[in-house]
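S.K.: Provide a 3D model corresponding to the input given below.
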Amino acid sequence: MFTGLPALSHEQQQQAVERIQELMAGGMSSGQAIAQVAQEIRQNHQGEQIRARFEEEDEDEV
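M.R.: The predicted structure is shown next:
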């Protein structure tokens, strides 16, 4: 799967982690918190996009 992702600075990444932690502390599941922060970043990000390819790994491979 290919997707365009915002290229974030280290500081922006840290802010995202802190936001996720705040949402989780308020009772939100980790998956929901990550999805919400990712959506917020996509909506608000003004900058370069990176192309990323995600491949699923076989569970049989160790």
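S.K.: Which parts of the protein are helices?
M.R.: Under the criterion DSSP state H, the chain contains helices at 10-25, 30-44.
S.K.: Dump these into a markdown table; add mean pLDDT as well.
M.R.: What follows is those, written out as a markdown table (pLDDT from 0 to 100):
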| stretch | mean pLDDT |
| --- | --- |
| helix 10-25 | 94 |
| helix 30-44 | 90 |
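S.K.: want to throw these into TSV with mean neighbour count?
M.R.: (Each C-beta comes from the backbone N, C-alpha and C, glycine too.) Converted to TSV, the helices of the chain look like this (neighbours: other Cβ atoms under 10 Å):
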stretch	mean neighbour count
helix 10-25	13
helix 30-44	13
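S.K.: Relative to residue 28, how far out is residue 9?
M.R.: 25 Å (Cβ to Cβ, to the nearest Å).
S.K.: Tell me which of those two has more neighbours.
M.R.: For the pair residue 9 and residue 28, the greater number of neighbours falls to residue 28 (15 against 9), based on other Cβ atoms under 10 Å.
S.K.: Which pLDDT value belongs to residue 53?
M.R.: pLDDT, residue 53: 55.
S.K.: Please renumber the chain so that the first residue is 18 from this point on.
M.R.: All right, first residue 18 from here; so that's residue 70.
S.K.: What does the pLDDT read for residue 77?
M.R.: We have a pLDDT of 56 for residue 77.
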